[in-house]
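>>> Quick one, fold the following:
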Amino acid sequence: MKKLIIVLISLLLLLSSFALGFFVKKSIDDKKYTNLIAENKKLKAEVKLINELNNKLTNFDNPIDINEQSCIYKTDNAADSRNCIYYATKEWEKEIDKYIKLLEQSTTKEQYKLIKDSQNLWLQQSKKDNDIINEFIFNHGGTMYFDIAASDYEELIKNRAEFLKWVYKIHTDRIPDNS
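Modelled structure (predicted):
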């Protein structure tokens, strides 16, 4: 009888350990499967982001825009993204300076005075526009509004740079009147 009980207990322990091993293996397999699904979703999201970035980059024809979007893509927080925008804004300011100098070199004194007067008025206006951006957007609170304010100010600067570039191109592309 004792032998039978020992055999039954041994058999029960053996079956228990087999069942436990099966459930542990199934649990590990389920975790692996769950991890694979999560990893697959993550990869799909990354592919989607890469495709979106490629679409955005192909819509830009200016290196400043391309560098800005590339910089933003590489960041993982709002402050670093804003730094990309601030850097791009400084690059657009350099473009303004570049085209002001080019226009100075390629225009008459009267034409340049008109450009310089316009630039001075634009600087005053852009400062007021920046005050509005700060008052109503930046000071609204929250990092999202900081980003919006930085982008809005950059857009003001970019528009002026592109305007001056356009003026320069029109001015230098015209056929001189030799008569």
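
>>> Just the buried positions in stretch 148-161, please.
A149, A150, S151, D152, Y153, E154, L156, I157, K158, R160, A161 (16 or more other C-beta atoms under 10 Å). Quick note: C-beta positions are derived from backbone N, CA and C, even for glycine.

>>> now, among these, which is nearest to G141?
Top of the list for closeness to G141, among the buried residues of stretch 148-161 and by C-beta to C-beta, is A149 at 11.1 Å.

>>> can you list the domains in the chain?
1-59, 80-173 (automatic domain parsing).

>>> Least reliable of these by average pLDDT, please.
Mean pLDDT is lowest for domain 1-59 among these, at a mean of 64.

>>> Show me what the host helix or strand of I66 is packed up against.
Per DSSP states H and E: I66 is located in helix 63-74. Judged by 3 or more C-beta pairs under 8 Å, 6 or more residues apart in numbering; DSSP states H and E, helix 63-74 is in contact with helix 2-58, helix 78-106.

>>> show me what contacts I85?
The contact partners of I85, by C-beta atoms under 8 Å, 6 or more residues apart in numbering, come to E68, I72, D147, A150, S151, E154.

>>> Rebuild those residues as a markdown table, extending it with distance to T172.
Putting the contacts of I85 into a markdown table (distance: C-beta to C-beta, whole Å) gives the following:
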| residue | distance to T172 |
| --- | --- |
| E68 | 27 |
| I72 | 33 |
| D147 | 37 |
| A150 | 33 |
| S151 | 31 |
| E154 | 27 |
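
>>> Which single one of these is nearest to K127?
Distances from K127 to those, taken by C-beta to C-beta, are shortest for E154, at 14.9 Å.

>>> hang on, that closest one packs against T89?
Yes. Because the distance of 4.4 Å satisfies C-beta atoms under 8 Å, E154 is recorded as touching T89.
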